[in-house]
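Asker: no sequence on hand, only this structure:
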């Protein structure tokens, strides 16, 4: 396994080198494509224009031959010499045929002039001939063939022009290659620097150095977004690390107090200082109950975090369930002189797990009671809207700092305000509450302001 991984790593190529290769390849491909398209354009796109121009020039040649023929009343040697010079000046080959379509004369080309002088017929396959009637005094007496090179790039000037264009593209090709080689590494470095910094930040996170991340500056949206995600991940991991350390302290504190109480009472019983009467034993019992509750919450938390929540759903009367829970809390609220108001809409049916929902509402009301001062108010409402069932528990308690609201559902979290009050909470209740609400397909959110109170809103989609 280790050898295979090592071989794979050794066979990999750095992204800077890959980007450099791609950059050079794209530059070369672009120049090559432009060169090809330009040559095709010259040979194809202008062919119709060249053909039309040649047709007009051919008519001029025909008119010249007919004029010379008419002026000389035939094909005299002097007339043929004039036609030959004209053919050379126009860079064409002129052939004359009689009425039986036999070639009686050909001007030849500069390349074939010596063969023509020897009496050989001009059969140059590089020429393309067009035939026109030779008229004299209104009668056709023969045919004039006008031959031109098959390629539209035939003249010395045309060929020189094409060579010049291709040379320019060749120079551009070499220049682009040099620029690509020189600047590919620089451009790649500018693009990859943020990626390298993000990679280093990932290594710092791996080493647990969450607060030593490098600042990543980039104008690339995706890299900026990735950098923010890595930074947020580091912040959350750092926060989880703080919670973990705080959890150890909290659990130690939660265990220390009841165990110390139990130890002192048992020692007093053993030494005969106290007699094990009902009052003393009830204190021991309450501390054991407190430990049992903590262990149960830890057990529930482990189940929630392992995604093993199993709901025993049935059709329940949510209005009746919530009313019973509120009534059970009334003595507790009265003892703290807290005014409890309820606005519960009647006969709201919901498909859910009654025990789990019971625990959700107990957790929320318990927190409202804990963190509301005497003479405060707690208002509980239940209503069915168009597409949701909404439960709201609003109090006039101490409130939650704005920066802590987004963390209150995290395990073992307690804001500094709640910790300083010595309420004895473990910071697990709201974590379990959110998990149970979401297991029912609902959502829970908190709105709060320090010194003014807290509102917990739970919404379930209507089945």
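Answerer: Perfect, I can see it now. This one's a predicted model, so the numbers in the text were calculated from it and none came from an experiment.

Asker: alpha carbons only for contacts and neighbour counts from here, please
Answerer: Will do.

Asker: using the three-state scheme, assign the spatially most central residue of the chain.
Answerer: The residue lying closest to the centre of the chain (Cα atoms, centre = their mean) is residue 222, at 6.7 Å. Using DSSP: H, G, I helix; E, B strand; the rest coil, the structure places residue 222 in helix.

Asker: ok, now which ones touch it?
Answerer: Residue 222 makes no contacts at all, as judged by Cα atoms under 8 Å, 6 or more residues apart in numbering.

Asker: just the element for residue 96, please.
Answerer: strand 93-97 (DSSP states H and E).

Asker: in whatever helix or strand comes next after that strand, what's buried?
Answerer: Next helix or strand after strand 93-97 toward the C-terminus (DSSP H and E): strand 103-106. Going by neighbour count (16 or more other Cα atoms under 10 Å), the buried part of strand 103-106 is 103, 105, 106.

Asker: can you tell me how far the residue nearest to the second one when sequence neighbours are not counted sits from residue 142?
Answerer: Okay, so that is residue 105. In this structure, residue 105 finds its nearest non-sequential neighbour in residue 96, 5.2 Å apart by Cα to Cα, 6 or more residues apart in numbering. Distance, residue 96 to residue 142, using Cα to Cα, to the nearest Å: 7 Å.

Asker: just residue 435 next, same as before
Answerer: Residue 435 is 104 Å from residue 142, by Cα to Cα.

Asker: kindly report the same for residue 206.
Answerer: Taken as Cα to Cα, the span from residue 206 to residue 142 is 96 Å.

Asker: also residue 259?
Answerer: Taken as Cα to Cα, the span from residue 259 to residue 142 is 130 Å.

Asker: so where's the stretch 201-350 of the chain shaky on pLDDT?
Answerer: For the stretch 201-350 of the chain, the stretches with pLDDT under 70 are 250, 304-308.

Asker: my read: residue 391 touches residue 458, true?
Answerer: Yes. Using Cα atoms under 8 Å, residue 391 is in contact with residue 458, at 5.1 Å.

Asker: could you pull out the helices for the stretch 251-400 of the chain?
Answerer: For the stretch 251-400 of the chain, the helices defined by DSSP state H, counting those that start in this stretch cover 278-305, 318-335, 354-370.

Asker: which strands or helices does the first one pack on?
Answerer: Here helix 278-305 touches helix 221-270, helix 429-439, going by 3 or more Cα pairs under 8 Å, 6 or more residues apart in numbering; DSSP states H and E.

Asker: report the distance from it to the chain centre.
Answerer: 49 Å (Cα atoms, centre = their mean, to the nearest Å).

Asker: which parts of that helix are buried?
Answerer: 284, 287, 288, 290, 291, 294, 297, 298, 300, 301, 304.

Asker: same question for stretch 52-63.
Answerer: 58, 61, 62.

Asker: same check, this time on stretch 332-346
Answerer: Here stretch 332-346 shows 333, 338, 340, 342, 344 as buried, counting by 16+ other Cα under 10 Å.

Asker: wait, what's in contact with the second one?
Answerer: Listed by Cα under 8 Å, 6+ apart, the contact partners of residue 338 are 369, 372, 373, 374, 375, 376, 377, 378.

Asker: residue 235 too?
Answerer: 210, 211.

Asker: and the host helix or strand of residue 176, how far from the chain's centre?
Answerer: Assessed by DSSP H and E, residue 176 sits inside helix 156-206. Taking Cα atoms, centre = their mean, one finds the center of helix 156-206 at 26 Å from the center of the full chain.

Asker: those strands in the stretch 1-150 of the chain, which residues are they?
Answerer: 93-97, 103-106, 127-136, 139-149 (DSSP state E, counting those that start in this stretch).

Asker: of the contacts of residue 338, which belong to strands?
Answerer: Judged by DSSP state E, these include 377, 378 as members of strands.

Asker: buried among the contacts of residue 338? Make that a PyMOL selection.
Answerer: Buried subset of these, written as a PyMOL selection, criterion 16+ other Cα under 10 Å:
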select buried, resi 369+372+373+374+376+377+378
